[in-house]
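[1] Here is the input, now give the coordinates:
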Amino acid sequence: MIILITKLNIMKLLSIFFLLVLIFLPKQIFSQDSLYVERADTLIALKRNDTITPELPDSNKIVIVFAGDIMGHDTQITGAYIDSSKTYDYEPTFRYIRDYITSADIAVGNLEVTLAGPPFRGYPQFSSPDELAVAAKNAGFDVFVTANNHALDRGVAGMHRTIRVLDSLNFIHAGIYRNPEERSIRYPIIIESKGIRLALLNYTYGTNGLKVPAPNIVNRIDTAQMRKDILKAKMASPDYILCAIHWGAEYEREENKKQRQLARFMLDQGVDGIIGSHPHVVQPIKLENCTSSDSIKKCPVVYSLGNFVSNQRARYKDGGIMVEIHLSKNDTSVAFDSIAYLPYWVYREKITEEKHIFYVVPVKKYENNS
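    The predicted model follows:
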């Protein structure tokens, strides 16, 4: 549960706090030093353990989970359509992995479609029904990163509608903006959970050759701009800086030289963890040396999570991993404790020749037919 608090409403919220126990509070946005600040503290937040069974939280530890490419191919759209009601239902996609997502303190996904409205289409210019985002929200996703090569698939109008839909569903999101003023207020994103403050950055290598007309902005990989953004994030005094980045070569199972060079640049600038997407297959996870004041620490670099859900059925493309980053806080600092991952497979159930239902199935939960 994400709770947003404005300075003006703090006293009011405190006065009615006990009346709102276990009720989701309406989200509000406030700026602090021109940064978009979110609160992710909850009364009964749950944290996963190794058996994917939620347990009561440790008050000074958080788990952030990241999901890879959330795609919307034609077969997925057809499979989600309910003829009797003329609506769409994506709940089955998240049914078997929902407990894992909701057990995290913060759950982040890469939304690699637009929510541009009908006509709904898949590749090459994606527009998925809003129900996809609704189902993701109900499954526990808190944050979507949206800077990817499909961000402009349906033009500026489609990009603007995507922003409006995500705002209406109270998603925290980063990557696409209607103008520089909006970007200045909303980016970088700062998320607070259990007293730990995170900064989240998001960039893409491009938009499939589609030009982004001013004043609209899709965050591009530009080291000069990234350096400025990292400095701005540091001004909010985050405990940990994360970057979700759309990079690399599609279907290559190893990272390339450009990815390694860019990762080193970000780490040298002060980014603490990097989560990659775009290749549609899993790439290596590495712990790299990075500096923190006068000491050396380890920073996780996940080169690619692979697909979260798609209609790509070839080996290595029909699944992926969710990565979890564990952080803990003591009296003086926040430490990176560990990184773990959960493999999953996308099961496609055939209903008719034209209709298939998609399920993201965590391997650990079902590998022994349990």
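[2] ok, now which ones touch the closest residue to residue 252 other than its chain neighbours?
    Leaving aside its sequence neighbours, residue 252 sits nearest to residue 279 (C-beta to C-beta, 6 or more residues apart in numbering; 5.8 Å). Placement of C-beta: from N, CA and C, glycine included. By C-beta atoms under 8 Å, 6 or more residues apart in numbering, residue 279 lies in contact with 248-253, 303-304, 306.
[3] which element is residue 279 on?
    Using DSSP states H and E, residue 279 is not contained in any helix or strand.
[4] Give me the below-cutoff pLDDT ranges for this structure.
    The chain contains residues with pLDDT under 70 at 1-58, 292-294, 369-370.
[5] Could I get the full set of helices for it?
    10-15, 74-80, 91-94, 98-103, 130-138, 155-168, 180-186, 223-235, 257-269, 363-366 (DSSP state H).
[6] Mind giving me the packing neighbours of the fifth one?
    The contact analysis (3 or more C-beta pairs under 8 Å, 6 or more residues apart in numbering; DSSP states H and E) places helix 130-138 against strand 87-88, helix 91-94, strand 106-111, helix 155-168.
[7] and what of the longest one?
    With contacts taken as 3+ C-beta pairs under 8 Å, 6+ apart, helix 155-168 sits against helix 130-138, strand 176-177.
[8] tell me the angle of it relative to strand 106-111?
    160 degrees (axes from the mean of the first three to the mean of the last three C-alpha atoms, to 10 degrees).
[9] Now do the buried residues in helix 155-168.
    158-163, 165-166 (16 or more other C-beta atoms under 10 Å).
[10] Tell me the spacing between the closest residue to residue 354 other than its chain neighbours and residue 356.
    Nearest residue to residue 354, sequence neighbours excluded (C-beta to C-beta, 6+ apart): residue 78, at 6.3 Å. Residue 78 sits 8 Å away from residue 356, going by C-beta to C-beta, to the nearest Å.
[11] Show me the beta-bridge partners of residue 114.
    residue 127 (DSSP bridges).
[12] if we can go back for a sec, and the helices and strands packed on helix 130-138: which comes nearest residue 352?
    Closest to residue 352 of these, according to C-beta to C-beta: helix 91-94, at 15.4 Å.
[13] now the end-to-end length of stretch 145-155.
    18 Å (C-alpha to C-alpha, to the nearest Å).
[14] And stretch 75-87, by the same measure?
    Using C-alpha to C-alpha, the two ends of stretch 75-87 sit 15 Å apart.
[15] Indicate which one of the helices and strands packed on helix 130-138 is closest to residue 230.
    Checking the helices and strands packed on helix 130-138 against residue 230 by C-beta to C-beta gives strand 106-111 as the closest, at 18.2 Å.
[16] The closest one: how far from the chain's middle?
    The chain centroid and the centroid of strand 106-111 are separated by 2 Å under C-alpha atoms, centre = their mean, to the nearest Å.
[17] what do you get for stretch 230-241?
    On C-alpha atoms, centre = their mean, the centre of stretch 230-241 falls 19 Å from the chain's centre.
[18] Okay, buried residues for that stretch please.
    For stretch 230-241, the neighbour count (16+ other C-beta under 10 Å) marks 230, 232-233, 236, 238-241 as buried.
[19] Ok, stretch 168-183 next?
    For stretch 168-183, by 16+ other C-beta under 10 Å, it's 169, 171-177, 182-183.
[20] Any chance of these in CSV with distance to residue 145 as columns?
    CSV is the format used below for the buried residues of stretch 168-183 (distance: C-beta to C-beta, whole Å):
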residue, distance to residue 145
169, 15
171, 10
172, 10
173, 7
174, 6
175, 5
176, 10
177, 13
182, 16
183, 14
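[21] which one of the residues you listed is nearest residue 259?
    Using C-beta to C-beta, residue 175 comes nearest to residue 259 of the buried residues of stretch 168-183, at 18.5 Å.
[22] Can you tell me the closest non-neighbouring residue to the closest one?
    Leaving aside its sequence neighbours, residue 175 sits nearest to residue 147 (C-beta to C-beta, 6+ apart; 3.1 Å).
[23] My read is that that neighbour contacts residue 202, right?
    Yes: if you go by C-beta atoms under 8 Å, residue 147 and residue 202 touch, sitting 4.7 Å apart.
[24] any residues in contact with both of the two?
    Counting by C-beta under 8 Å, 6+ apart, the common neighbours of residue 147 and residue 202 are 174-175, 219.
[25] re the thing from before, for the contacts of residue 279, which entry has the maximal number of neighbours?
    Neighbour counts for the contacts of residue 279 peak at residue 304, which has 31 neighbours (criterion: other C-beta atoms under 10 Å).
[26] State the distance from residue 339 to residue 240.
    Taken as C-beta to C-beta, the span from residue 339 to residue 240 is 13 Å.
[27] Report the separation between residue 284 and residue 246.
    Taking C-beta to C-beta, one finds residue 284 at 17 Å from residue 246.
[28] My error: substitute residue 97 in the last question.
    Taking C-beta to C-beta, one finds residue 97 at 22 Å from residue 246.
[29] Repeat that for residue 283.
    13 Å.
[30] The two: which is more packed in?
    More neighbours surround residue 246 than the other of residue 283 and residue 246, with 29 against 23 (other C-beta under 10 Å).
[31] For the residue lying closest to that one once chain neighbours are set aside, the count of nearby residues, please.
    In this structure, residue 246 finds its nearest non-sequential neighbour in residue 204, 3.9 Å apart by C-beta to C-beta, 6+ apart. Taking other C-beta under 10 Å as the criterion, the count of residues near residue 204 is 26.
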